[in-house]
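Peer 1: Kindly return the folded structure for what I paste below:
(2 chains)
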Amino acid sequence: MTKFKRTTVTSALPYANGPVHIGHLAGVYVPADIYVRYLRLRGEDVIFIGGSDEHGVPITIKAKKEGLTPQDIVDRYHNIIKKSFEEFGISFDIYSRTSSKTHHDTASDFFRKLDAKGEFIKQKSEQYFDQVANQFLADRYITGKCPHCGNENAYGDQCEACGTSLNSTDLINPKSTLSGSTPIMRETEHWYLPLDKHETWLREWILDNHKEWKTNVYGQCKSWLDMGLQPRAVSRDLDWGIPVPADNAEGKVLYVWFDAPIGYISNTKELLPDSWEKWWKDPESRLVHFIGKDNIVFHCIVFPAMLKAEGSYILPDNVPANEFLNLEGDKISTSRNWAVWLHEYLLDFPDKQDVLRYVLTANAPETKDNDFTWNDFQTRNNSELVAIYGNFVNRTLVLTQKYFDSKVPECGELSDYDKEVLERISSIKNQVSKQLDEFHFRDALREAMNLARTGNKYLADTEPWKLAKTDMTRVGTILNVSLQLAANLSIAFEPFLPFSSRKLRGMLGI
RNA sequence: CGCGGAGUGGAGCAGUGGUAGCUCGCAAGGCUCAUAACCUUGAGGUCAGUGGUUCGAACCCGCUCUCCGCAACCA
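Peer 2: Predicted structure coming up:
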């Protein structure tokens, strides 16, 4: 860690065809924000990059359905998402978007450079084409009869009735879900990034040099590398996106998975037009990607291969991917509208950002999928946040007001117990740091909570309300120690509960 | 037999060979500044199932079951 001078933190770009929900927050944005706030607190040089991912087929389909342009759709969701992140306290240094001019230029330049270096290959293939909608169709957008079970509504990639994986060419009577017409086969040509050529160094880089990555991340990468990498298309036939900057590229745009991660770079450029390069090209800079488990392969294999092919960029030092969060036992689903939407939460629970931040961190899906329930939300708020943290602060402040007119009392001679408690402050802070350095957010939060527990026990053991009748000097010392605990509580919790910490610092006058 | 992650007291999680821990909940007691509380103690688990390795297995190996993700044209 000390060998790095600065840290570039990115969080997955949310796809701008819907608002952000608690699953996104728990998996990506809350841990990323905690990590960034922690580094800032330590005085480290860090930037936190976010933005909306605004290209791709689903956005064009949604636009068509609503009779709007794709730009209308992404404008709507970009604004909702950006505003809700701000209100929720996700402290991006920049939250931009992939439809920006900076990004179009950056992504185009990136493609041109790889093209000029001969890092792509071109391949022709046959694909289903919808003559009515006038576009090529991904397997997902074709339905038909499943050749295995006869289900009439199987998708081109999978039959949901029998669970079989399919190719769209397997379907009997294929139909386009866009127009309902029968698609025809048509030849098309695309640019491919030959990942197979990068396999050797990727193996060594991940499997030998990054054994410290989380088991889910490392295991997924190993699985892909062991299967053998194949060339991957980086362009699509579509009219919404970044036009492929090459000859004979009419009607072709960059595939969103080529375009989106470059968004991290573009957004850094937009934030720091003159100094962005050191954050991406200096070997003393550390790059960390926060993502969900569905994005592992793109951030650990595809994007690094792109960066390496370009030649002048650093590679990610860590990719702490989380698993998924369920809601009341069911998968969160945008299309089924089964989610707790951030912008709605902020309306329903005004000034309760920290409660959700706390619950999502305490129950973060770090090693496996977890479940969010409103019952758990309420319990954790009442029995942990309010009862332990809030109560200790309240007790300390009330006692100080009652006996010392809200002035900080002098610290007299310290007992062994006092000293032990004060030592615990620094040992707990060290533990919190250690856990955060290793991306163990749940453990870090639990450890921080121990500071409040220590405080409650300290008050129960020393009983200042009894001593007040006989020894005010001693009471003063006890409350002085308690106030020190409270002050340190505001620091230890700053990355996790920034709103509460600010409020607490206000009450303590620090 | 495609690959990866996960299955531990009522709930959520830790624990990679040596008497099964933490938070919440529950019960009893204490305290009374705080009472949607705090402090102490306690009850509660055949560690998914099964077979094996070992003096000894939650942990190592085999098989089975369940949940989630990936499977290269979903993003």
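Peer 1: Only C-alpha atoms from now on, for both contacts and neighbour counts.
Peer 2: OK.
Peer 1: How about the contacts made by the residue in the stretch 1-150 of chain A that RNA strand B sits nearest to?
Peer 2: RNA strand B sits closest to A:Ala138 of the stretch 1-150 of chain A, with a gap of 3.6 Å, by C-alpha to the nearest atom of the strand. Residues near A:Ala138 by C-alpha atoms under 8 Å, 6 or more residues apart in numbering: A:Tyr128.
Peer 1: Same question for the one 5 residues further on.
Peer 2: Taking C-alpha under 8 Å, 6+ apart as the criterion, A:Thr143 is in contact with A:Glu152, A:Asn153, A:Ala154, A:Tyr155, A:Gly156, A:Leu171, A:Pro174, A:Lys175, A:Ser176, A:Thr177.
Peer 1: In PyMOL, select just the buried ones from these.
Peer 2: To isolate the buried members of the contacts of A:Thr143 in PyMOL, using 16 or more other C-alpha atoms under 10 Å:
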select buried, chain A and resi 152+153+154+155+156+171+174+175+176+177
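Peer 1: from the contacts of A:Thr143, which is closest to A:Arg380?
Peer 2: Distance to A:Arg380, by C-alpha to C-alpha, is smallest for A:Tyr155 among the contacts of A:Thr143, at 41.4 Å.
Peer 1: so what's the closest one bridging to?
Peer 2: A:Thr143 (DSSP bridges).
Peer 1: out of the contacts of A:Thr143, which are inside strands?
Peer 2: Among those, DSSP state E puts A:Ala154, A:Tyr155, A:Pro174, A:Lys175, A:Ser176 in strands.
Peer 1: can you tell me how far the fourth one sits from RNA strand B?
Peer 2: The one in question is A:Lys175. Distance from A:Lys175 to RNA strand B, counting by C-alpha to the nearest atom of the strand, to the nearest Å: 14 Å.
Peer 1: Kindly report the same for A:Trp201.
Peer 2: The value you get for A:Trp201 to RNA strand B, if C-alpha to the nearest atom of the strand is used, is 15 Å.
Peer 1: can you check A:Ile478 too?
Peer 2: Distance from A:Ile478 to RNA strand B, by C-alpha to the nearest atom of the strand: 12 Å.
Peer 1: low-confidence ranges in chain A?
Peer 2: Across chain A, residues meeting the criterion (pLDDT under 70) sit at A:1-2, A:148-151, A:158-166.
Peer 1: Now do the domain split for it, please.
Peer 2: Following automatic domain parsing, one gets these domains for chain A: A:6-119+A:255-327, A:121-190, A:374-508.
Peer 1: helices or strands up against the helix or strand A:Tyr403 falls within?
Peer 2: In this structure, A:Tyr403 sits in helix A:391-404 according to DSSP states H and E. With contacts taken as 3 or more C-alpha pairs under 8 Å, 6 or more residues apart in numbering; DSSP states H and E, helix A:391-404 sits against helix A:441-462, helix A:472-492.
Peer 1: Dump those to CSV, plus mean neighbour count and distance to A:Val319.
Peer 2: Putting these into CSV (neighbours: other C-alpha atoms under 10 Å; distance: least, C-alpha to C-alpha, whole Å) gives the following:
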stretch, mean neighbour count, distance to A:Val319
helix A:441-462, 19, 14
helix A:472-492, 22, 24
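Peer 1: As a markdown table, those helices with distance to A:Leu360 would be great.
Peer 2: Formatted as a markdown table, the helices and strands packed on helix A:391-404 follow (distance: least, C-alpha to C-alpha, whole Å):
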| stretch | distance to A:Leu360 |
| --- | --- |
| helix A:441-462 | 9 |
| helix A:472-492 | 18 |
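Peer 1: how about the domains of chain A in CSV, adding distance to A:Gly228?
Peer 2: Formatted as CSV, the domains of chain A follow (distance: least, C-alpha to C-alpha, whole Å):
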stretch, distance to A:Gly228
domain A:6-119+A:255-327, 12
domain A:121-190, 18
domain A:374-508, 30
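Peer 1: most packed of those?
Peer 2: Most buried of the domains of chain A by mean neighbour count (mean count of other C-alpha atoms under 10 Å) is domain A:6-119+A:255-327; its value is a mean of 20.
Peer 1: Just the terminal-to-terminal distance for that one.
Peer 2: Terminal residues of domain A:6-119+A:255-327 are spaced 37 Å apart (C-alpha to C-alpha, to the nearest Å).
Peer 1: same deal with stretch A:284-299?
Peer 2: End-to-end span of stretch A:284-299 (C-alpha to C-alpha): 20 Å.
Peer 1: Any residue of it touching RNA strand B?
Peer 2: Yes. Using C-alpha under 7 Å from any atom of the strand, stretch A:284-299 reaches RNA strand B at A:Lys293, A:Asp294, A:Asn295, A:Val297.
Peer 1: From A:Glu87, how far off is the third one?
Peer 2: Note on A:Asn295: its distance to A:Glu87, by C-alpha to C-alpha, is 26 Å.
Peer 1: just the last one next, same as before
Peer 2: When C-alpha to C-alpha is the yardstick, A:Val297 and A:Glu87 sit 31 Å from each other.
Peer 1: Do you have the helices of the stretch 151-300 of chain A handy? List them.
Peer 2: For the stretch 151-300 of chain A, the helices defined by DSSP state H, counting those that start in this stretch cover A:199-203, A:215-227, A:256-271, A:276-281, A:296-297.
Peer 1: do the same with the stretch 1-150 of chain A
Peer 2: Assigned by DSSP H, counting those that start in this stretch, the helices in the stretch 1-150 of chain A fall at A:22-24, A:30-41, A:57-66, A:70-88, A:101-116.
Peer 1: Tell me the helices and strands packed up against the third one.
Peer 2: Other elements packing on helix A:57-66 under the criterion 3+ C-alpha pairs under 8 Å, 6+ apart are helix A:70-88.
Peer 1: cool, the longest one as well?
Peer 2: The criterion is 3+ C-alpha pairs under 8 Å, 6+ apart, and the helices and strands that helix A:70-88 contacts are helix A:57-66, helix A:342-348.
Peer 1: what's near enough to touch A:Lys402?
Peer 2: Applying C-alpha under 8 Å, 6+ apart to A:Lys402 gives no contacts.
Peer 1: Just the terminal-to-terminal distance for stretch A:36-56.
Peer 2: Stretch A:36-56 stretches 30 Å from its first residue to its last (C-alpha to C-alpha).
Peer 1: close to RNA strand B, is it?
Peer 2: Yes. Against RNA strand B, stretch A:36-56 shows contacts by C-alpha under 7 Å from any atom of the strand at A:Asp53, A:His55, A:Gly56.
Peer 1: What are the neighbouring residues in contact with the second one?
Peer 2: This points to A:His55. Going by C-alpha under 8 Å, 6+ apart, A:His55 touches A:Thr98, A:Ser99, A:Trp240, A:Gly241, A:Val256.
Peer 1: Give me the subset of these lying in strands.
Peer 2: Using DSSP E, none of these sit in strands.
Peer 1: restrict those residues to contacts with RNA strand B.
Peer 2: Okay, of those touching RNA strand B (C-alpha under 7 Å from any atom of the strand), that's A:Val256.
Peer 1: coming back round to it: out of the contacts of A:Thr143, who's nearest A:Thr400?
Peer 2: Using C-alpha to C-alpha, the contacts of A:Thr143 come closest to A:Thr400 at A:Tyr155, 66.8 Å.
Peer 1: returning to that earlier point: can you add distance to RNA strand B and give the helices and strands packed on helix A:70-88 back as JSON lines?
Peer 2: Below are the helices and strands packed on helix A:70-88 laid out as JSON lines (distance: least, C-alpha to the nearest atom of the strand, whole Å):
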{"stretch": "helix A:57-66", "distance to RNA strand B": "4"}
{"stretch": "helix A:342-348", "distance to RNA strand B": "15"}
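Peer 1: Tabulate those helices in TSV, adding columns for distance to A:Leu207.
Peer 2: Shown next, in TSV, are those (distance: least, C-alpha to C-alpha, whole Å):
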stretch	distance to A:Leu207
helix A:57-66	34
helix A:342-348	37
